[in-house]
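Novice: Return atomic coordinates for the entry below.
(2 chains)
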2 protein chains.
Amino acid sequence: MATELLVRNVKPLGGDNIDIRVVDGRIAEIGPGLQPGTEAAEQIDGGGRLLFPGFVDAHAHLDKSLLGMGWYRNEVGPELTHKIDNERRLRVEQDIDFPRQAARSARRSIADGTTRMRSFSDIDTDVGLRCFEGVLAAREELRDALDLQIVAFPQSGMLIRPGTVELMEDALRNGADVVGGLDPSTIDRDPKGHLDTIFALAERFDVDVDIHLHEPGELGAFSMELIAERAKALGWQGRVVISHAFCLGGVDEARLAQLIELLLEADIAVMSHGPSGLRPAPAIKRLHEAGVRLCTGNDGVRDAWGPLNMPDMLLRCFILAYRNNLRRDDEIEMVIDIATHGGAQVIGMANYGLEPGCAADLVLVDGETHVEAVIERPPRWLVVKSGRIVAREGECLM
Amino acid sequence: MATELLVRNVKPLGGDNIDIRVVDGRIAEIGPGLQPGTEAAEQIDGGGRLLFPGFVDAHAHLDKSLLGMGWYRNEVGPELTHKIDNERRLRVEQDIDFPRQAARSARRSIADGTTRMRSFSDIDTDVGLRCFEGVLAAREELRDALDLQIVAFPQSGMLIRPGTVELMEDALRNGADVVGGLDPSTIDRDPKGHLDTIFALAERFDVDVDIHLHEPGELGAFSMELIAERAKALGWQGRVVISHAFCLGGVDEARLAQLIELLLEADIAVMSHGPSGLRPAPAIKRLHEAGVRLCTGNDGVRDAWGPLNMPDMLLRCFILAYRNNLRRDDEIEMVIDIATHGGAQVIGMANYGLEPGCAADLVLVDGETHVEAVIERPPRWLVVKSGRIVAREGECLM
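Specialist: Take a look at the predicted model:
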């Protein structure tokens, strides 16, 4: 028999209060004054609360989290390589239980209303596939609460650490959905070699590409050109994300216009999480208005890189708005769109949204307006994933 | 008879758990294993919670807050003058109850652990002294919970609006503690005239100076030079704050070194709240290491300028750390110091700290470390102002 859930009296962004009838995990009807289809339907009175579609954390690192392991006192050096080396060393010293840590971090994301996620998994010749397998295990454990994509990600470099490519191939044969790259010049010291290898893996396994690009200014802009050339040559338009893309914040207006044109031509999306730091950051409103597809995510939560990120996508919306000085309601509503519909589109997850036929991924929150919820960030009153209640009052039930 | 409070088993930053004995609002003893001095002493078991000294919000705008008035949909334009004009218009349209709004915003600050504050009060020829009188009333109403300094602040310009100086004089005769200025070139269009007038008021009323300086790059740097010249000429070293000081983030390294030298020579302090926006921001670690005195504050909370600020100083610590990319524990501990001891020093409030003789301004919070409290920001379990319990579990009792 079909299972049915009727959520009454909730307020979607930009609309009047409505009801949502969910049958077998999908939205069957949405609108005012709905009636249950069967007597067995579970009914919930939303009390006029705010309704968001499930949040999409399009850039997570579940395998890095130290949540619940006791406070990690961070004394790491300032460079990117300090952070990478520190983490690799910590993993050896602490013998981290990756399935436990990935699930712990994911549960807190679920409690905060994330229903879909793309998580990177570090792959290197020290840790092998243990991070990846940990995230795979968490995906299986929480499959009813979270749609989880996994990116095979060579965090410590790929060409500079022989054996890494073979490990990435293993991951892509065994459940990784996406191939990841990073900083082709500053880490692998060989931008052509790095990107040729990444795109060859993408073609061979028919997977999307997601590249961390921290490289600043013209170096990052050059990498962006190389990525766009390959996306077009391979026909991978619409299948590539550049994560962070700090260089978009560090070039002059004329060069920025060129890079935006390049992103549009190759249909490359950008992930920005509203980076910490004093340097200029990518201007998401400018990118959005130009038509660049955007997503956002919480990045590494409470890990050896630092404690500044948390699993809450409403907090991420706040940070993205703050970093971009977006104060108008319509601007902050754009940020909410990036953290929901934008993310689902960019990471290619189907059946997303508040329309009939979509998976019923729903978040209910106290508040007067959706923008106020970004500012106040109350505990999530209810989180529903494909018609199943997965969190209440800020607590994950899974 | 003396009133006594014994708070047991709390954890100060960088130390082991201790007890604090408070007599007549001041710390009498601090250390392990204290005994009450009298049978009538109230005793509280802190349960090993984290102890902070009361937070110091050194830059607030209590008169601007729209908290509790229904969500204000922000559609304001991008320029500083748009925001100033929009707010002045709103005040006429909405007939805002300034005493109520100032007290409402202050209560939420108290609930979040702020025990000392410097608040600007807008003074202009439309609103007259009504904002100022509202903050005065709130100060009186909440005098047992919050030490409140008031800055007479010509938000809409001073020389361009004849009559403003006379209103500021009225405020300084009737309870304002500090004279404020802003952007001498971009608002008043007369940097010499603006600053000469501000410093003349400072001398005449023997008050400190606090100047909002949003002016970017070399324009802001020039204003900073003019301010320093006047501080030195008048002997006002140690009595001037430059708030925001965005120009410190927008000049090259050599010029920054000059400006730092200037700030040190004139002993001018800087208030940075970790500004929103894509532009470079003042590097607080660099300033701190150079010996520039620093404070921070929440700026305007939930007002017509935008919704991004909230009254919570732990959130402000997070924002300041995030904006400056401070991830190490020692760096975030520096931020906590700026939000407590730094603020008290800069705004010249005496008897501050966790030493015998200081006013007993105490905040107790759940958590493993003080840095974790900045990240997790739990409701304040207890807030004590001069020995009196003023908030519990995130609720103001005053």
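
Novice: The helix or strand where A:Ile84 lies and chain B in contact?
Specialist: A:Ile84 is part of helix A:80-94, with elements assigned from DSSP states H and E. No. Legend: contact between helix A:80-94 and chain B by CB under 8 Å from any CB of the partner chain is lacking; minimum distance shown is 8.7 Å. Any C-beta I mention is one placed from the backbone N, CA and C, and that applies to glycine too.

Novice: Can you name the element that comes right after that helix?
Specialist: Counting by DSSP H and E, the next helix or strand C-terminal to helix A:80-94 is helix A:98-111.

Novice: Adjacent strands (with direction) for the next helix or strand after that following helix?
Specialist: Downstream of helix A:98-111, the first helix or strand assigned by DSSP H and E is strand A:114-122. According to DSSP bridges, strand A:114-122 forms sheet pairs with strand A:55-60 (parallel), strand A:147-153 (parallel).

Novice: can I get the CA coordinates of strand A:114-122 in PDB?
Specialist: The C-alpha coordinates for strand A:114-122 follow below in PDB (Å, rounded to 0.1, in the frame of the first residue of the first chain):
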ATOM      1  CA  THR A 114      20.800  19.000   4.200                       C
ATOM      2  CA  THR A 115      19.200  16.200   2.100                       C
ATOM      3  CA  ARG A 116      21.600  16.100  -0.800                       C
ATOM      4  CA  MET A 117      25.400  16.400  -0.700                       C
ATOM      5  CA  ARG A 118      28.500  16.100  -2.800                       C
ATOM      6  CA  SER A 119      31.400  15.000  -0.600                       C
ATOM      7  CA  PHE A 120      35.000  14.800  -1.600                       C
ATOM      8  CA  SER A 121      37.000  11.800  -0.400                       C
ATOM      9  CA  ASP A 122      40.800  12.200  -0.100                       C
END
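
Novice: Quick one: mean pLDDT for that strand?
Specialist: Averaging pLDDT along strand A:114-122 gives 98.

Novice: quick check: angle from it to helix A:98-111?
Specialist: Relative orientation of strand A:114-122 versus helix A:98-111 (axes from the mean of the first three to the mean of the last three CA atoms, to 10 degrees): 150 degrees.

Novice: and the next element down the chain from strand A:114-122?
Specialist: Defined by DSSP H and E, the subsequent element after strand A:114-122 is helix A:130-141.

Novice: list the helices and strands that next one packs on?
Specialist: Where contact means 3 or more CB pairs under 8 Å, 6 or more residues apart in numbering or on different chains; DSSP states H and E, helix A:130-141 is packed against helix A:98-111, strand A:114-122, strand A:147-153.

Novice: How about residues contacting the last one?
Specialist: This points to strand A:147-153. Taking contacts as CB atoms under 8 Å, 6 or more residues apart in numbering or on different chains, the residues outside strand A:147-153 that touch it are A:106, A:115-123, A:132, A:135-136, A:138-139, A:142, A:168, A:171-172, A:175-180, A:182, A:210, A:212, A:347, A:349.

Novice: what do you get if the cut-off is 7 Å, keeping everything else the same?
Specialist: A:115-123, A:132, A:135-136, A:139, A:168, A:171-172, A:175-180, A:210, A:347, A:349 (CB atoms under 7 Å, 6 or more residues apart in numbering or on different chains).

Novice: That strand versus helix A:130-141: what angle between them?
Specialist: 170 degrees.

Novice: For whichever residue of the stretch 151-300 of chain A sits closest to chain B, list the residues it contacts.
Specialist: Nearest residue of the stretch 151-300 of chain A to chain B: A:Gly277, at 3.8 Å (CB to the nearest CB). Applying CB under 7 Å, 6+ apart, one finds that A:Gly277 lies in contact with B:Asn325.

Novice: Is there a neighbour count for A:Asp206? I'd like the number.
Specialist: By the criterion of other CB atoms under 10 Å in any protein chain shown, A:Asp206 has 8 neighbours.

Novice: Show me the domain layout of chain A.
Specialist: Chain A breaks down into these domains under automatic domain parsing: A:4-53+A:353-396, A:55-346.

Novice: how about the residues of chain A near chain B?
Specialist: By CB under 7 Å from any CB of the partner chain, the residues of chain A that approach chain B are A:71, A:73-76, A:249, A:276-281, A:283, A:305-308, A:310, A:319, A:321-322, A:324-325, A:327-329, A:368-369, A:371-372, A:375.

Novice: rerun at 6 Å
Specialist: Residues of chain A that fall close to chain B, judged by CB under 6 Å from any CB of the partner chain: A:71, A:73-75, A:276-278, A:280-281, A:283, A:306-308, A:322, A:325, A:327-329, A:368-369, A:372, A:375.

Novice: which residues does the closest residue in space to A:Asp312 that isn't next to it in sequence contact?
Specialist: In this structure, A:Asp312 finds its nearest non-sequential neighbour in A:Asp112, 4.3 Å apart by CB to CB, 6 or more residues apart in numbering or on different chains. Contacts for A:Asp112 (CB atoms under 6 Å, 6 or more residues apart in numbering or on different chains) come out as A:Pro311, A:Asp312, A:Arg380.

Novice: Kindly report the same for A:Ala58.
Specialist: Residues near A:Ala58 by CB under 6 Å, 6+ apart: A:Arg118, A:Met271, A:Cys295, A:Gly297, A:Gly343, A:Val346, A:Ile347.

Novice: So which of these are in strands?
Specialist: In this view, the contacts of A:Ala58 that belong to strands under DSSP state E are A:Arg118, A:Met271, A:Cys295.

Novice: which residues touch the second one?
Specialist: What that stands for is A:Met271. With contacts defined as CB under 6 Å, 6+ apart, A:Met271 is in contact with A:Ala58, A:His59, A:Val241, A:Ser243, A:Cys295.

Novice: thinking again about what came up before, just the contacts of A:Asp112: which are in helices?
Specialist: Among those, none falls in helices (DSSP state H).

Novice: Which member of these is positioned nearest chain B?
Specialist: When the contacts of A:Asp112 are compared for distance to chain B (CB to the nearest CB), A:Asp312 wins out at 10.7 Å.

Novice: for the closest one, phi and psi?
Specialist: A:Asp312 adopts backbone torsions of phi -90, psi 120, taken as degrees, to the nearest 10.

Novice: Next: the one 4 residues further on.
Specialist: Per-residue torsions, A:Arg316: phi -60, psi -40 (degrees, to the nearest 10).

Novice: most neighbours per residue, which of the helices and strands packed on helix A:130-141?
Specialist: strand A:114-122 (a mean of 29; mean count of other CB atoms under 10 Å in any protein chain shown).

Novice: Would you mind measuring from the nearest residue to A:Met158 once chain neighbours are set aside to A:His273?
Specialist: Distances taken as CB to CB, 6+ apart put A:Thr164 closest to A:Met158, at 4.7 Å, once the chain neighbours are dropped. Counting by CB to CB, to the nearest Å, the gap from A:Thr164 to A:His273 is 25 Å.

Novice: what packs against the helix or strand hosting A:Val165?
Specialist: Secondary structure assignment for A:Val165, by DSSP H and E: helix A:164-173. Counting contacts by 3 or more CB pairs under 6 Å, 6 or more residues apart in numbering or on different chains; DSSP states H and E, helix A:164-173 packs against strand A:147-153.

Novice: at 8 Å what do you get?
Specialist: In this structure, helix A:164-173 packs against strand A:147-153, helix A:191-205, with contacts taken as 3+ CB pairs under 8 Å, 6+ apart.

Novice: Now tabulate the ones you listed in TSV and tack on mean pLDDT and distance to B:Val23.
Specialist: Formatted as TSV, those follow (pLDDT from 0 to 100; distance: least, CB to CB, whole Å):
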stretch	mean pLDDT	distance to B:Val23
strand A:147-153	98	57
helix A:191-205	98	67
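
Novice: re the thing from before, mind listing what's buried along the helix holding A:Val165?
Specialist: Neighbour-count burial for helix A:164-173 flags A:Thr164, A:Val165, A:Leu167, A:Met168, A:Glu169, A:Ala171, A:Leu172 (criterion: 16 or more other CB atoms under 10 Å in any protein chain shown).
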